[in-house]
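Q: Just to be clear, the model below is a prediction. Sequence and coordinates:
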Amino acid sequence: MNQRNEWESICQRTEHLDPFYQAVWKKAYAEAIPITGTFELTCRCNFSCRMCYVHLKPDQMAGQGRELTAKEWIRTAEEAKKAGTTWLCITGGEPLMHPEFESIWRELSQMGFFITLQTNGSLINERMAKLLEEYPPRRVKLTLYGSGDSVYQEVCRVKEGFGRVDAGIRTLKELKIPISLVGTIIRQNEEDVNGIVAYAYRNRLPLTLTKNIKASARGADSQAREVRIPEENNWEIQREKLQKRLREAPMREDRKPCSYCRDYRVGYWITWNGDMRFCSFMEEPHISVRERTFQKAWEELIEYEENLDWPKECKSCEVRGACYRCAGLLAAECGGPEQVTEEFCQRVKKYLKE
């Protein structure tokens, strides 16, 4: 994927699709149809990953609201389907920990969505396997953070984590449910990258790894800033990337922040406590699907996207063309999508100077 294509919204990145689906996505973009959505069922998780931006403990949850019930999720899904949603991702936290997960999964599966289940895989026991066999997802996106229990202890702070994840993967393979592995590389598992890659290769599973983690703006006890791998460690790669960006696709100040988001005008994210947003990393806007119909919430989200602007400092900054920022990154690193800190700016300027 070239640099320019990477920073287009998803409807402009359809070269891998056949003509029919290209037309579907382009129509959705033109008419602002919410064709793709994510239901974040819960912020609960049986793991405690150091870099997680979602996971809250029970006492923290109480201060941020309550989980949507099965009835509320099902009503929202019915309205989303009428509005045009076709692709749906079910995630968390760990979605299988929602107290009514089984009821939610059965109902959503029978509505005709193309569903992706995002999970850590450790809770796919015999009962859950029967549910997924009866109502299989289109794909399971499964997080893999190491190739052994000791690494999982360091990253996810759980005992026998890898063993449980491996068992879940083997169960899904027996059910012939497609699996994609995704992993985040931090200081605690950096030396195990080869082990993670080898595991994916042995199991013939596609794997995507990233070192790009953001601090939590949503109240989770994330250690993202402490555990992320310093960019200076890969300075040659960073320099080459910056040079390519400047050559092929400099940031344009005439484009709105949300136009750099993959879900711009076509997708949404609904948090565990009922807020519709366009970015999972942000703490705003607060557009509750409890208090509105889905369609009304979607219209308000589109209005929010169109009115969101860059911080005033960015518009006159000398390095604005090379500073690859988005609303979610500014929210996580600077405290909000329309503000920027001096520390953030100086870091980018330092890279450019070097």
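A: Sure thing, it's come through.

Q: ok, how many other residues are close to the closest residue in space to G267 that isn't next to it in sequence?
A: Using CB to CB, 6 or more residues apart in numbering and skipping the chain neighbours, the partner closest in space to G267 is T36 (4.2 Å). Just so you know, the C-beta spots here come from the backbone N, C-alpha and C atoms, and that holds for glycine as well. Residues lying near T36 (other CB atoms under 10 Å) number 22.

Q: Next, T36: phi, psi?
A: In terms of degrees, to the nearest 10, the main-chain angles of T36 are phi -130, psi 140.

Q: Might one say that it is in contact with D263?
A: Yes - assessed by CB atoms under 8 Å, T36 is found in contact with D263 at 6.8 Å.

Q: For R239, see how far away K353 is.
A: From K353 over to R239 the distance is 11 Å, taken as CB to CB, to the nearest Å.

Q: The two: which has the busier surroundings?
A: A count of neighbours by other CB under 10 Å puts R239 above the other of K353 and R239, at 13 against 7.

Q: Return the alpha-carbon coordinates of the one helix or strand the more buried one maps to using CSV.
A: Taking DSSP states H and E as the definition, R239 sits inside helix 235-248. This file holds the C-alpha atoms of helix 235-248, laid out as CSV (Å, rounded to 0.1, in the frame of the first residue of the first chain):
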residue,chain,number,x,y,z
TRP,A,235,15.5,5.8,13.6
GLU,A,236,16.6,4.6,10.1
ILE,A,237,13.1,3.3,9.5
GLN,A,238,11.5,6.4,10.9
ARG,A,239,13.6,8.7,8.7
GLU,A,240,12.8,6.7,5.6
LYS,A,241,9.1,6.8,6.4
LEU,A,242,9.2,10.6,7.0
GLN,A,243,11.0,11.2,3.7
LYS,A,244,8.5,9.0,1.8
ARG,A,245,5.6,10.9,3.4
LEU,A,246,7.0,14.2,2.4
ARG,A,247,7.5,13.0,-1.2
GLU,A,248,4.3,11.2,-1.7
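
Q: I'd like to know which elements it is packed against.
A: Judged by 3 or more CB pairs under 8 Å, 6 or more residues apart in numbering; DSSP states H and E, helix 235-248 is in contact with helix 3-6, helix 342-353.

Q: worst average pLDDT in those?
A: Lowest mean pLDDT within the helices and strands packed on helix 235-248: helix 3-6, at a mean of 44.

Q: Name the residues of the next helix or strand along the chain from that one that come out as buried.
A: Per DSSP H and E, helix 3-6 leads on to helix 19-31 as the next helix or strand towards the C-terminus. Buried residues in helix 19-31, defined by neighbour count with 16 or more other CB atoms under 10 Å: 24-25, 28-29.

Q: nearest to V319, of these?
A: Proximity of the buried residues of helix 19-31 to V319 was ranked by CB to CB; the top entry is Y29 with 29.9 Å.

Q: What distance do you get for the closest one to P285?
A: Y29 is 21 Å from P285, by CB to CB.

Q: How about E133?
A: To P285, E133 is 39 Å away according to CB to CB.

Q: Settle it for me: which of the two has more neighbours?
A: P285 (18 against 13).

Q: In this structure the more buried one contacts E305, no?
A: No - applying CB under 8 Å as the test, P285 and E305 come out as separate, 9.3 Å apart.

Q: returning to what we had before: would you mind saying which of the helices and strands packed on helix 235-248 lies nearest R218?
A: Minimum separation from R218 across the helices and strands packed on helix 235-248 (CB to CB) falls at helix 342-353, 18.7 Å.
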